[in-house]
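Chemist: Can you look at this prediction? I've put the sequence above it.
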Amino acid sequence: MATIHMDVVVIGGGITGTSIAYALARRGVRNVLLLEQRMTAGNTTRGAFGIVRTYHASRVMVSVARRSLRLYEQFEDETGGTAAFTRTGLLVLVPAGEQEMLEANVGVATHLGSNIQLLSTSDDVRSVEPRIDLDGVAAVAYEPGAGYGDPVRTSAAFAIRARDLGAQIRQGIRILNLDTEGGAGNRRITGVLTDGGYVTTGCVVNAGGMWGPVVSEMVGVELPVLSYRYLGVVLRHPPTFGGAHPITLDLVNGAVMRPSGPRLTLVGPLGAVAEDVVPPGWDDPRTDASAAPEYQTVLRRRYAELATATVQAAWATSHDVSPDWYPMIGPVDGVEGYYCALGLGGYSFALAPAVGEMVARLITDEGSDGVVRPRRSEDLDPKSHAYFFRPDRFAGRSVHPQAAPPGAAGRSGAEISPGDRRKPRNTT
Ligand SMILES: Cc1cc2nc3c(=O)[nH]c(=O)nc-3n(C[C@H](O)[C@H](O)[C@H](O)COP(=O)(O)OP(=O)(O)OC[C@H]3O[C@@H](n4cnc5c(N)ncnc54)[C@H](O)[C@@H]3O)c2cc1C
């Protein structure tokens with residue numbers, strides 16, 4: 001790649017970057033270039049659980065998640081590819097003391113049109129999932145339309161459709177530097193140096209996942225994004241168990257259990273702790289297999305018939321989160337034409353289609369057939385979703401790895417958010 005010009009350069013070929021590239025191309029932006037240093041969906045996206053649901057603590061999150069769910073439902077018609085979306089339903093289980101928050105969240109979500117209900121008796125719960133054990137559970141919510149998709153296939157579908165619409169998707173190309181011109185107060189993006197050549201452009205979207213802060217340093221902007229290490233375990237059911245269970249967010253034991261077809265369950269912690277923080281770009285897929293018995297125990301507590309489930313695989317990965325565990329999406333203050341879509345934590349897959357749309361809207365003029373017009377943070381309408389996610393909301397605030405707000409039920413929507421910062425209790 002010698003020197004070329006592009007209207008927009010998207011950095012990162014995970015679920016976030018591919019969705020943005022697709023949305024830009026679909027909106028008519030002619031020269032979109034996505035650069036990925038490895039291969040698309042080759043990093044965090046590859047190891048994600050892919051849960052999609054609209055149960056959240058914040059009304060903006062519910063709205064954006066609802067939009068995404070709708071887009072996932074139309075995914076094949078829209079992209080010609082597949083997200084491999086499997087509807088399983090989602091149970092949210094909370095302990096005593098968190099019922100009110102669960103009820104409030106369900107109230108907000110239903111008000112906004114989500115199909116989520118409180119299951120008030122254990123018979124109601126068992127009519128959804130007869131094999132579940134409700135030990136320690138004070139209240140349960142159920143979202144029948146929730147499910148999971150395949151993050152790798154979804155990213156591939158976005159990338160292929162983006163390419164069909166005219167975007168260029170380049171893998172194995174690393175961004176080395178971002179150039180700007182202008183002084184403090186009116187700096188703007190002018191180009192991207194890669195190990196494959198130079199790109200002149202006035203617009204860059206940083207969708208670099210856990211490398212996001214490193215990329216941002218290239219323009220001298222510090223973004224308060226942290227990476228947390230995350231362990232996941234795949235357990236194989238005994239043949240007697242029967243079909244798949246619903247996705248289970250177990251806030252009593254601090255774990256998420258997501259079926260994978262009828263015979264497997266993925267189990268991971270709900271929450272994170274400070275010692276899980278890893279450096280940006282941390283990449284060590286080795287995992288401490290000694291954690292697996294904890295997950296077996298957690299699964300057995302909810303599904304006693306899975307007492308003999310065996311560990312099929314265990315892996316470690318990491319994901320990027322913002323200080324309040326909500327995404328940071330939009331124009332970054334201080335450098336015109338510089339956008340980010342980072343810190344999506346446990347929501348990236350669920351929100352990806354809507355995030356792509358949001359970023360594309362923020363970069364182009366409404367109804368302009370793809371004319372690129374970078375915005376500044378101060379241009380955002382305070383009533384818009386984009387304002388809620390604006391990256392500069394942390395400006396001037398001190399940031400700490402444990403700065404996530406409490407409220408387990410409120411946070412239970414994030415499969416791997418810190419919420420109550422609980423991990424599966426060590427019961428071995
Ligand atoms: C175990 C686990 C379970 C999860 N479960 C869920 C879930 O159930 N539901 C949900 O919604 N979300 C879930 N998530 C979150 C989510 O799916 C991931 O965080 C998400 O896939 C991240 O996507 P991304 O595109 O933002 O980042 P990534 O997939 O990491 O992509 C960023 C890309 O940028 C590239 N890059 C970085 N720097 C450069 C550079 N200088 N030059 C070129 N390329 C660069 C990287 O190579 C990388 O491929 C989970 C995450 C984990 C870890």
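Modeler: Arrived safely, thanks for sending.

Chemist: what's the burial count for the residue in the stretch 201-350 of the chain that the ligand sits nearest to?
Modeler: When you check the stretch 201-350 of the chain against the ligand by C-beta to the nearest ligand atom, the closest residue turns out to be residue 209, at 2.6 Å. Heads up, the C-betas are built off the backbone N, CA and C, glycines and all. Burial measure for residue 209: 29 neighbouring residues, criterion other C-beta atoms under 10 Å.

Chemist: just checking, it touches residue 342?
Modeler: Yes. Checked against C-beta atoms under 8 Å, the pair residue 209 and residue 342 is within contact range at 7.2 Å.

Chemist: Mutual contacts of the two, please.
Modeler: Counting by C-beta atoms under 8 Å, 6 or more residues apart in numbering, the shared contacts of residue 209 and residue 342 are residue 320.

Chemist: State the helix or strand in which the residue nearest the centre of the chain lies.
Modeler: Relative to the mean C-alpha position of the chain, the nearest C-alpha, by C-alpha atoms, centre = their mean, is the one of residue 348, at 1.5 Å. Here residue 348 sits within helix 348-363, counting by DSSP states H and E.

Chemist: I'd like to know how far residue 45 sits from residue 155.
Modeler: Here residue 45 is placed at a distance of 6 Å from residue 155 (C-beta to C-beta, to the nearest Å).

Chemist: Residues of the stretch 301-428 of the chain that sit close to the ligand?
Modeler: For the stretch 301-428 of the chain, the contact set with the ligand under C-beta under 6 Å from any ligand atom comprises 317, 319, 344, 346-350, 415-416.

Chemist: Could you list the low-pLDDT ranges of the stretch 201-350 of the chain?
Modeler: Within the stretch 201-350 of the chain, the set of residues satisfying pLDDT under 70 comprises 284-288.

Chemist: ranges for the helices of it?
Modeler: Counting by DSSP state H, counting those that start in this stretch, the stretch 201-350 of the chain has helices at residues 212-217, 292-302, 348-363.

Chemist: which one of those helices is the most hemmed in?
Modeler: Highest mean neighbour count of the helices of the stretch 201-350 of the chain: helix 348-363, a mean of 26 (counted as mean count of other C-beta atoms under 10 Å).

Chemist: Go ahead and produce CSV holding the CA coordinates of that one.
Modeler: Extracted C-alpha coordinates of helix 348-363, given in CSV (Å, rounded to 0.1, in the frame of the first residue of the first chain):
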residue,chain,number,x,y,z
SER,A,348,-19.7,-5.0,22.3
PHE,A,349,-21.4,-7.9,20.5
ALA,A,350,-24.9,-7.1,21.7
LEU,A,351,-24.6,-3.5,20.7
ALA,A,352,-22.4,-3.7,17.6
PRO,A,353,-25.0,-3.2,14.9
ALA,A,354,-26.4,-0.1,16.6
VAL,A,355,-23.0,1.2,17.5
GLY,A,356,-22.0,1.0,13.8
GLU,A,357,-25.1,3.0,12.8
MET,A,358,-24.4,5.5,15.5
VAL,A,359,-20.8,6.1,14.5
ALA,A,360,-21.8,6.3,10.8
ARG,A,361,-24.4,8.9,11.7
LEU,A,362,-21.9,11.0,13.7
ILE,A,363,-19.5,11.0,10.8
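
Chemist: After that helix, which helix or strand is next? Please name it.
Modeler: Once the chain leaves helix 348-363, the following helix or strand, as judged by DSSP H and E, is helix 385-388.

Chemist: so which of the helices of the stretch 201-350 of the chain gets nearest residue 235?
Modeler: Nearest to residue 235 among these is helix 292-302; the distance by C-beta to C-beta comes to 6.0 Å.

Chemist: which other residues reach that closest one?
Modeler: 93, 132-133, 135, 233, 235, 248, 250, 253-255, 257, 265, 267-268, 306-307, 309, 311, 314, 424-428.

Chemist: go on, stretch 114-134?
Modeler: Contact partners of stretch 114-134, identified using C-beta under 8 Å, 6+ apart, comprise 54-55, 62, 66, 89, 91, 93, 102-103, 106, 109-110, 139-145, 241-242, 245-246, 248, 301-305.

Chemist: Could you list the buried residues of that stretch?
Modeler: 114, 116-119, 125, 128-129, 132 (16 or more other C-beta atoms under 10 Å).

Chemist: One more: stretch 254-263?
Modeler: For stretch 254-263, burial by neighbour count (16+ other C-beta under 10 Å) applies to 254-260, 263.

Chemist: Please look at residue 73 and residue 85 and confirm they touch.
Modeler: Yes. With contacts defined as C-beta under 8 Å, residue 73 counts as touching residue 85 at a distance of 7.5 Å.

Chemist: one step back: adding pLDDT, write the buried residues of stretch 114-134 out as JSON lines.
Modeler: Listed next are the buried residues of stretch 114-134 as JSON lines, based on pLDDT from 0 to 100:
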{"residue": "114", "pLDDT": "97"}
{"residue": "116", "pLDDT": "98"}
{"residue": "117", "pLDDT": "97"}
{"residue": "118", "pLDDT": "98"}
{"residue": "119", "pLDDT": "98"}
{"residue": "125", "pLDDT": "98"}
{"residue": "128", "pLDDT": "98"}
{"residue": "129", "pLDDT": "98"}
{"residue": "132", "pLDDT": "98"}
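
Chemist: I'd like to know which of these are part of helices.
Modeler: Cross-referencing these with the helices (criterion: DSSP state H) gives 125, 128 as the overlap.

Chemist: could the buried residues of stretch 114-134 be laid out in a markdown table, adding distance to the ligand?
Modeler: Putting the buried residues of stretch 114-134 into a markdown table (distance: C-beta to the nearest ligand atom, whole Å) gives the following:
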| residue | distance to the ligand |
| --- | --- |
| 114 | 16 |
| 116 | 17 |
| 117 | 21 |
| 118 | 23 |
| 119 | 22 |
| 125 | 22 |
| 128 | 20 |
| 129 | 19 |
| 132 | 20 |
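
Chemist: Smallest distance to the ligand belongs to which residue of the chain?
Modeler: Nearest residue of the chain to the ligand, counting by C-beta to the nearest ligand atom: residue 14, 2.1 Å away.

Chemist: count of neighbours near that residue?
Modeler: As a burial measure, residue 14 scores 28 neighbours (other C-beta under 10 Å).

Chemist: pLDDT at it, what is it?
Modeler: In the predicted model, residue 14 carries a pLDDT score of 98.
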